[in-house]
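Visitor: pasting the sequence and the predicted model now:
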Amino acid sequence: MEALLAAVIAISPAFAGPLAGDDLSRLEEARSAPAWPHARLSKDGGSYRLLGIAKIDAPLSDALAIVRDVAGYPDWAWEGINTRRGGEGEYLVHLERLEIEPGENLIRVRYHLNRFFKGERRFAMRYAAALDGKEAVPTLAMTLARPTPFVRELSGEIRFYPVEGEDAFFVHFMGRTKIHWAVYWLIPTAFVRTDAEERVLTVLENAAKRVKTRKR
């Protein structure tokens with residue numbers, strides 16, 4: 001579950017190659033939805049899979065400038081990240097600190113669990129960006145730098161799609177993580193789903209706000 005939230009962290013991002021098949025159908029379905037943003041977590045063969053999408057009414061070039069500035073993520077990406085959207089209670093995972101090492105292409109996360117397996121923990125993700133605006137699909141991808149006792153595997157990707165005929169774009173998040181079997185099988189999916197989906201929505205909304213308030 002922490003890995004899931006790791007993938008959420010820097011608006012961040014388990015799939016390589018072009019969007020196709022089931023992922024494409026999900027994107028097309030989400031594009032016609034009446035409200036934004038959307039996020040959905042599911043179990044898939046021992047892993048968690050997370051999809052999120054938002055439509056942002058701003059120039060894609062503005063968004064790419066912000067996403068390229070990875071060192072600036074701590075200034076905005078986690079705003080309200082530990083506040084439940086319903087306003088009551090606490091998340092299973094409390095996110096403490098986001099640290100960026102641009103020279104190493106690393107994003108480090110410090111966190112602790114509020115209920116199970118208590119104590120401070122950390123993990124790191126390595127990121128790769130194709131965000132020059134010349135790509136057919138601008139993309140930011142992340143992978144787990146090294147396995148931890150809880151997080152065995154993690155990968156994710158965020159893609160940007162311009163809206164034809166509008167000064168707007170879609171941002172589409174896809175992530176997959178494999179965690180310790182005890183967390184996967186013993187912690188109710190509802191707990192994980194709430195933590196992950198709400199965090200994705202918060203980060204997507206933070207991204208939209210950042211783009212819209214960017215000084216040009």
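Guide: Yep, it's here.
Visitor: can you show me the helices along the chain?
Guide: Using DSSP state H, the helices assigned to the chain run over residues 2-9, 21-31, 60-68, 181-186, 189-212.
Visitor: mean pLDDT lowest where, among the ones you listed?
Guide: Note on those: lowest mean pLDDT is at helix 2-9, with a mean of 39.
Visitor: so how far is residue 187 from the residue of the chain most remote from its centre?
Guide: Centroid-distance maximum for the chain: residue 165 at 27.2 Å, with Cα atoms, centre = their mean. According to Cβ to Cβ, to the nearest Å, residue 165 and residue 187 sit 45 Å apart. C-beta here means a position set from N, CA and C on the backbone, and glycine is covered the same way.
Visitor: equivalent analysis for residue 108, please.
Guide: Plainly put, residue 108 is 24 Å away from residue 187 if you go by Cβ to Cβ.
Visitor: please identify the buried residues of stretch 172-186?
Guide: Residues of stretch 172-186 classed as buried by neighbour count (16 or more other Cβ atoms under 10 Å): 172-180, 183-184.
Visitor: inside strands: which ones of the residues you listed?
Guide: The strands, defined by DSSP state E, take in 172-179 from those.
Visitor: and of these, the nearest to residue 145?
Guide: Nearest to residue 145 among these, counting by Cβ to Cβ, is residue 177 at 13.6 Å.
Visitor: hey, what's that closest one bridged with?
Guide: residue 48, residue 154 (DSSP bridges).
Visitor: quick check, it in contact with residue 147.
Guide: No - here residue 177 does not reach residue 147: they are 11.2 Å apart, not a contact under Cβ atoms under 8 Å.
Visitor: common neighbours of the two, please.
Guide: residue 153 (Cβ atoms under 8 Å, 6 or more residues apart in numbering).
Visitor: show me the contacts for residue 60.
Guide: Contacts of residue 60 (Cβ under 8 Å, 6+ apart): 133, 138, 160, 162, 169.
Visitor: only the buried subset of those, as a PyMOL command please.
Guide: Remark: buried members of the contacts of residue 60, expressed as a PyMOL selection using 16+ other Cβ under 10 Å:
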select buried, resi 138+160+169
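Visitor: quick one: low-confidence residue ranges for the chain.
Guide: Applying pLDDT under 70 to the chain flags residues 1-36, 133, 215-216.
Visitor: switch to 80 and redo it
Guide: Low-confidence segments of the chain (pLDDT under 80): 1-38, 86-88, 115-119, 133-135, 183, 191, 214-216.
Visitor: residue 139 bridge partners, please.
Guide: On the basis of DSSP bridges, residue 139 is bridged to residue 130, residue 159.
Visitor: I figured it hits residue 159, correct?
Guide: Yes - using Cβ under 8 Å, residue 139 is in contact with residue 159, at 5.1 Å.
Visitor: give me the more crowded residue out of those two.
Guide: The neighbour comparison of residue 139 against residue 159 (other Cβ atoms under 10 Å) goes to residue 159, with 23 against 18.
Visitor: that one against residue 141, yeah?
Guide: No - at 9.3 Å, residue 159 and residue 141 do not qualify as touching, with contact defined as Cβ under 8 Å.
Visitor: thank you kindly, that will do.
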